[in-house]
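> Below: sequence and its predicted model.
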Amino acid sequence: MTMLKFSFYVCILYVAYCGVLFLMQRQMMFPHQMTETPKETKNIPGLEKIFLDTEHGKTEAWFFPPVAKHGKVPCPAIIFAHGNAELIDFWPEEFKPFTHIGIGVMLVEYPGYGRSEGKSSQSSVTDVFVSAYNFLVSRKKDIADSSRIILAGRSVGGGAICQLAAKQPSAALILMSTFTGTRALAAKYLAPGFLVRDTFDNLAVVRVYKGPVLVVHGENDEVIPYSHGISLYRAAKHGKLISYAAGHNDCPPDWNLFRKEITDFLCEAKIIDPLNIP
């Protein structure tokens with residue numbers, strides 16, 4: 001009888017635990033409250049600050065036009081989605097150097113983050129990134145059409161980028177420390193997958209993606225297991241895997257080297273011409 005009571009209480013506690021996870025999952029996936037918004041935005045040469053009008057409110061995006069224009073004009077461009085406890089303010093240093101080899105860069109914020117309105121969910125984030133994409137391809141004076149748009153995302157940003165890839169054409173996909181899907185991650189928290197509201201099924205998107213896919217993952221990733229990166233790489237029709245002896249937040253460990261590896265990947269994909277790289 002004691003064992004029966006114990007089992008009953010364990011079941012009650014587990015149901016309560018799953019209930020809390022269900023109610024709190026969006027706060028866990030998009031913890032915007034954990035990241036302090038800078039009081040003043042950076043004054044970066046060449047930066048264009050944009051507010052995208054969506055049904056979820058105004059969302060901020062930062063655009064860096066290509067400084068050098070090599071070969072074909074208009075130029076290729078990268079749309080980047082950051083991790084869940086980050087802001088677009090954190091990323092210019094890593095991505096602005098691409099503008100010097102003829103690539104435009106667009107950093108897109110999530111609803112409710114930083115200076116942006118709304119609340120983040122799979123639906124609202126997807127709508128924002130589609131709006132950013134449409135803005136980018138409308139800039140015909142300096143940015144090319146979808147045949148030269150590169151989609152890149154880190155961690156949960158890989159989910160945002162995969163959702164965009166499922167809705168709009170692109171030239172290449174770069175997934176950094178990204179999960180196969182949030183239902184697969186639910187097991188880490190001992191929760192059933194059916195409780196997940198925002199599934200971000202990246203594996204399904206990668207399986208049907210026609211362009212080249214670069215998967216970058218740390219072998220010691222303590223947040224999203226390395227096995228997720230392997231699964232995404234194996235699912236891609238035209239996949240390439242770069243592994244680092246790194247965890248989640250220090251991957252890649254050397255951005256100078258990583259930018260060269262991205263450049264090589266884009267050259268192999270014929271999105272940029274190696275003869276035009278300084």
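Okay, I see it.

> got the residue ranges for the strands in the chain?
All strands of the chain, identified by DSSP state E, fall at 48-54, 57-64, 77-81, 104-108, 149-154, 172-176, 212-218, 238-244.

> Now render the ones you listed as JSON lines, adding mean neighbour count and mean pLDDT.
Yep, even glycine has a C-beta here, placed from its N, CA and C like the rest. As requested, the strands of the chain are arranged in JSON lines below (neighbours: other CB atoms under 10 Å; pLDDT from 0 to 100):
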{"stretch": "strand 48-54", "mean neighbour count": "15", "mean pLDDT": "93"}
{"stretch": "strand 57-64", "mean neighbour count": "21", "mean pLDDT": "95"}
{"stretch": "strand 77-81", "mean neighbour count": "26", "mean pLDDT": "97"}
{"stretch": "strand 104-108", "mean neighbour count": "26", "mean pLDDT": "96"}
{"stretch": "strand 149-154", "mean neighbour count": "26", "mean pLDDT": "97"}
{"stretch": "strand 172-176", "mean neighbour count": "27", "mean pLDDT": "98"}
{"stretch": "strand 212-218", "mean neighbour count": "25", "mean pLDDT": "98"}
{"stretch": "strand 238-244", "mean neighbour count": "17", "mean pLDDT": "97"}
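
> And the nearest residue to residue 154 once chain neighbours are set aside, how close does it get to residue 217?
Nearest non-adjacent residue to residue 154, counting by CB to CB, 6 or more residues apart in numbering: residue 176, 4.2 Å away. For residue 176, the distance to residue 217 equals 8 Å [CB to CB, to the nearest Å].

> For the protein, which segments are assigned as helices?
2-29, 92-95, 122-137, 156-167, 182-186, 202-208, 226-235, 255-268 (DSSP state H).

> can you tell me the average pLDDT over the second one?
Just to be clear, that refers to helix 92-95. Here helix 92-95 scores 95 as its mean pLDDT.

> And that helix, what does it pack against?
With contacts taken as 3 or more CB pairs under 8 Å, 6 or more residues apart in numbering; DSSP states H and E, helix 92-95 sits against strand 57-64, strand 104-108.

> Give me the distance between the shortest one and the centre of its chain.
For strand 104-108, the distance between its averaged C-alpha position and the chain's averaged C-alpha position is 12 Å (CA atoms, centre = their mean, to the nearest Å).

> can you pull the pLDDT of residue 18?
60.

> repeat for residue 265
So residue 265 comes in at 96 (pLDDT).

> Kindly report the same for residue 258.
Reported pLDDT for residue 258: 96.
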